[in-house]
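Engineer: could you work out the structure for the sequence below:
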Amino acid sequence: MEQSAFLFTTRGSQHLAVRIAEYYGQELGKLKVVEFSDGEYQPAFEQSIRGARVFLIGSTFQPSDNLMELLLMCDAAKRASAKNITVVIPYYGYARQDRKDAPRVPIGAKLVAKMLQAAGATRVMTMDLHADQIQGFFEIPVDHLYASTLFVDYISGLNLDNLTIASPDMGGAKRAQNYAKHFNADIVICHKERKVANQVENMMLIGDVVGKNVVLVDDMIDTAGTLCKAADLIMEKGALSVRAIATHPVLSGQAYERLNNSQLAEIAVTDSIPLKNNSVSKIKVLSCAPLFADVMHMVHSNKSISSKFII
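Structural biologist: Reported below is the predicted structural model:
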């Protein structure tokens, strides 16, 4: 008889973990977090996990306490003699630091990978990494899932004529190309120039959008500056409508205000990160909980997960 797995969550990802547990078919495990007066905290499992597989669910968005809490849970599980420790990280923070693109800067994505392994993780499950090569920073198995499983159905349900897929920057061209190929649609690319992070200096459009219904594809929305500028440019060039899909709603700074005032008809995101502001009616949230629950079942049963990859 197959042994049950245990599901636990960081406090920052409670919103998603509850839904994952519901789809998985069992309740979250018992975990308490003791807080000291100076802000330090200590997670503790309140049930035996000796010899078991544990899934530790936690997106590592800011503040960095979310990452630290996940690391402490890993260490606690290792010291409690868990056999398999799978960290489920719907949003992998620090993923934008995937290379040394300037002198004297860290490769944060690799540092996080090394910390997770040192803490005791034996497997990683994540979704839409900012760069695919981050998988190579790990010496343990990585299940890299794609939100296209959710977004393909969303785009199909729009029933748009003259569909065109767009990337807001050159870095997302491959992702946009995969969607365009799946829908047999045209593709356009926005080329942007930046002098400092989170600030677009100039942007130009490569391709034709006249009379087209355009869907912008990205892995995350941070300040929304690039996305909104791309939407404005696309409409200026003659598009009928423009929408966006983005896996991770980081949404910092003036992002909510920008999206609300933009020419985007709708923005579809997942619940990998909880929304801080629910007042923007343009934002549609698609839950990734069923996807993670299904893959967690497959991993626990040692089954192939290839059926979950659409594009």
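
Engineer: so where's the chain shaky on pLDDT?
Structural biologist: 1-2, 194-201 (pLDDT under 70).

Engineer: any idea how it splits into domains?
Structural biologist: Domain assignment for the chain by the TED database gives 5-145, 148-287.

Engineer: quick one, which of those domains gets closest to K303.
Structural biologist: domain 5-145 (11.9 Å; Cβ to Cβ). No exception for glycine: its C-beta is placed from N, CA and C like everyone else's.

Engineer: residue nearest the centroid of this protein?
Structural biologist: Y91 (3.7 Å; Cα atoms, centre = their mean).

Engineer: pull the contacting residues for it.
Structural biologist: If you count contacts by Cβ atoms under 8 Å, 6 or more residues apart in numbering, Y91 has them with 59-61, 126-127, 220, 247-248, 250, 272-273.

Engineer: ok, and the most crowded of those?
Structural biologist: Tallying neighbours with other Cβ atoms under 10 Å puts T247 at the head of the contacts of Y91, with 29 neighbours.

Engineer: got the domains of the chain as a markdown table, with distance to S306 columns?
Structural biologist: Converted to a markdown table, the domains of the chain look like this (distance: least, Cβ to Cβ, whole Å):
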| stretch | distance to S306 |
| --- | --- |
| domain 5-145 | 11 |
| domain 148-287 | 12 |
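
Engineer: between the ones you listed, which one is nearest to V299?
Structural biologist: The nearest among the domains of the chain, by Cβ to Cβ, is domain 5-145 at 6.6 Å.

Engineer: how long is the closest one end to end?
Structural biologist: This stretch, domain 5-145, spans 20 Å end to end (Cα to Cα, to the nearest Å).

Engineer: what of stretch 278-297?
Structural biologist: End-to-end for stretch 278-297, by Cα to Cα: 32 Å.

Engineer: check which residues of that stretch are buried.
Structural biologist: Along stretch 278-297, these residues count as buried under the neighbour rule (16 or more other Cβ atoms under 10 Å): 280, 282-283, 286-296.

Engineer: which one among these gets closest to A44?
Structural biologist: Of these, the one sitting nearest to A44 (Cβ to Cβ) turns out to be M296, at 22.9 Å.

Engineer: count the neighbours of the residue nearest to that closest one when sequence neighbours are not counted for me.
Structural biologist: Sequence neighbours aside, F55 is the residue nearest to M296 in space, at 5.7 Å (criterion: Cβ to Cβ, 6 or more residues apart in numbering). When neighbours are defined as other Cβ under 10 Å, F55 has 27 of them.

Engineer: E69 now?
Structural biologist: 22.

Engineer: and it, that one's in a strand?
Structural biologist: No. In this structure, E69 is helix, not part of a strand, as judged by DSSP: H, G, I helix; E, B strand; the rest coil.

Engineer: list the contacts of it.
Structural biologist: With Cβ under 8 Å, 6+ apart, E69 has these contacts: 10-12, 33, 41, 43, 58.

Engineer: can you say which of those are buried?
Structural biologist: 10, 12, 43, 58.

Engineer: and L28, helix, strand or coil?
Structural biologist: Once three-state DSSP is applied, L28 turns out coil.

Engineer: circling back: could you list which of the contacts of E69 belong to strands?
Structural biologist: Among these, the members falling in strands (DSSP state E) are 33, 41, 43.

Engineer: tally up the residues packed near the residue lying closest to I155 once chain neighbours are set aside, please.
Structural biologist: Excluding the flanking residues, the one nearest I155 by Cβ to Cβ, 6+ apart is V215, at 6.0 Å. By the criterion of other Cβ under 10 Å, V215 has 27 neighbours.

Engineer: so who does the nearest residue to K237 once chain neighbours are set aside touch?
Structural biologist: Once flanking residues are discounted, K237 sits nearest to V209: 5.1 Å by Cβ to Cβ, 6+ apart. Shown in contact with V209 (Cβ under 8 Å, 6+ apart): 164, 166, 188, 234, 237-239.

Engineer: same question for F8.
Structural biologist: Applying Cβ under 8 Å, 6+ apart, the residues near F8 are 17, 28-29, 31, 45, 54-57, 73.

Engineer: F137: which of those residues is nearest?
Structural biologist: Closest approach between the contacts of F8 and F137, by Cβ to Cβ: L56, at 18.6 Å.
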